[in-house]
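**Q** this one's structure only:
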């Protein structure tokens, strides 16, 4: 198969379902089919034909169950041609501020509802189940997304503003960011996140919010007192995480307009994935993403009437 170096190469090489299927088989199986039911890897699985033509359906030599390369992936059970899935993934990953379902529906000629489901499934696969703990110099901050109030909230209460806005806590080092949608930004919540995400002994750089108090026995805490007009201290700052918040909010406001709190974590994952792969080219990011397609999200779990 031709080496893929650009979107033009994708369109030329992965131009139909057959070529996309063969690409997936080579990428996931390295050319030797693996049964997803019993993990049997063999060149001798039976190839089942329909009207004399093989369309990627195998029968396991060991457990006798049928399978295709899409079983156990985000593509399983989808009636959308694989080439449209591939184009959608590339377009999604290459747009720095995201792409709306309306725009994607026009780009690949599907309904907006279908485009929304596709984008949601792609976002679902940008998330890592296991997060390596952050270490070293770690910036941590919280923000609020949605609602109409602008920066008028009490971080630890359930006041009017928290009913309108959704709190998000972020952890960032030089190479990666990890945002978490939370119920609040209270001390209890923040401490749980710190203990779960950051290695003991790390340097924790935060603003002056009291929710971070009580961590000095396990972490070296550096406080940047924004309330006093201080934005850097001895070379430490929270500019990185604040820049990420700015990018996240611009993308949501400019592209998606309104995001349901139910799906906000997925949108945070989307922007975090782009941030964490920012040193890659668009093609490199596409190729890096392909091994991550192993999370299936059924339509039954996506019952929401907001299509962004």
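**A** Received it, and whenever you're ready, just let me know what you need. All of these numbers come straight from a predicted model, not from anything done at the bench.
**Q** quick one: contacts of stretch 175-183?
**A** Contacting residues not belonging to stretch 175-183 are listed as 131, 134, 142, 166-172, 189, 193, 197, 240-241, 244, 248, 261, 264-265, 268-269, 271-272, 275-276 [CB atoms under 8 Å, 6 or more residues apart in numbering]. Placement of C-beta: from N, CA and C, glycine included.
**Q** report the distance from that stretch to the chain centre.
**A** A distance of 11 Å separates the centroid of the chain from that of stretch 175-183, by CA atoms, centre = their mean, to the nearest Å.
**Q** cool, and stretch 105-117?
**A** Using CA atoms, centre = their mean, the distance from the centre of stretch 105-117 to the centre of the chain it belongs to is 19 Å.
**Q** for it, buried residues please.
**A** By neighbour count, with 16 or more other CB atoms under 10 Å as the criterion, the buried positions of stretch 105-117 are 105, 108, 110, 114, 115, 116, 117.
**Q** ok, stretch 58-71 next?
**A** Of the residues in stretch 58-71, those scored as buried under the neighbour-count criterion (16+ other CB under 10 Å) are 58, 60, 67, 68, 69, 70, 71.
**Q** mark which of the residues you listed are part of helices, please.
**A** Using DSSP state H, no member of those sits in helices.
**Q** take those and keep only those in strands.
**A** Under the assignment DSSP state E, the buried residues of stretch 58-71 contribute 58, 67 to strands.
**Q** are any of the contacts of stretch 175-183 buried, and if so which?
**A** 134, 142, 166-172, 189, 193, 197, 240-241, 244, 248, 264-265, 268-269, 271-272, 275-276.
**Q** so which residues of the stretch 1-150 of the chain form helices?
**A** Taking DSSP state H, counting those that start in this stretch as the test, the helices found in the stretch 1-150 of the chain are 7-13, 17-29, 82-94, 101-108, 112-124.
**Q** can you lay out these as a markdown table showing mean pLDDT and distance to residue 210?
**A** Supplementary listing: the helices of the stretch 1-150 of the chain in a markdown table, determined by pLDDT from 0 to 100; distance: least, CB to CB, whole Å:
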| stretch | mean pLDDT | distance to residue 210 |
| --- | --- | --- |
| helix 7-13 | 85 | 49 |
| helix 17-29 | 93 | 49 |
| helix 82-94 | 96 | 39 |
| helix 101-108 | 96 | 41 |
| helix 112-124 | 95 | 34 |
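**Q** and the ones you listed as a markdown table, adding distance to residue 203?
**A** As requested, the helices of the stretch 1-150 of the chain are arranged in a markdown table below (distance: least, CB to CB, whole Å):
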| stretch | distance to residue 203 |
| --- | --- |
| helix 7-13 | 41 |
| helix 17-29 | 40 |
| helix 82-94 | 32 |
| helix 101-108 | 41 |
| helix 112-124 | 32 |
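**Q** how near is the closest residue to residue 141 other than its chain neighbours to residue 224?
**A** The shortest distance from residue 141 to any residue other than its chain neighbours is 4.5 Å, reached at residue 241 (CB to CB, 6 or more residues apart in numbering). Shown here: residue 241 relative to residue 224, a distance of 11 Å by CB to CB, to the nearest Å.
**Q** also residue 267?
**A** According to CB to CB, residue 267 stands 27 Å off from residue 224.
**Q** with residue 108 instead?
**A** Relative to residue 224, residue 108 is positioned 45 Å away (CB to CB).
**Q** and residue 267 and residue 224? which has more neighbours close in?
**A** More neighbours surround residue 267 than the other of residue 267 and residue 224, with 25 against 21 (other CB atoms under 10 Å).
**Q** did I read that right, the more buried one in a strand?
**A** No: counting by DSSP: H, G, I helix; E, B strand; the rest coil, residue 267 falls outside a strand, being helix.
**Q** need the contact list for it.
**A** By CB under 8 Å, 6+ apart, residue 267 lies in contact with 98, 123, 248, 252, 256, 259.
**Q** of the residues you listed - the most surrounded one?
**A** For the contacts of residue 267, neighbours were counted using other CB under 10 Å, and residue 248 has the most, 24 neighbours in all.
**Q** three-state assignment of that one?
**A** Using three-state DSSP, the three-state assignment for residue 248 comes out as helix.
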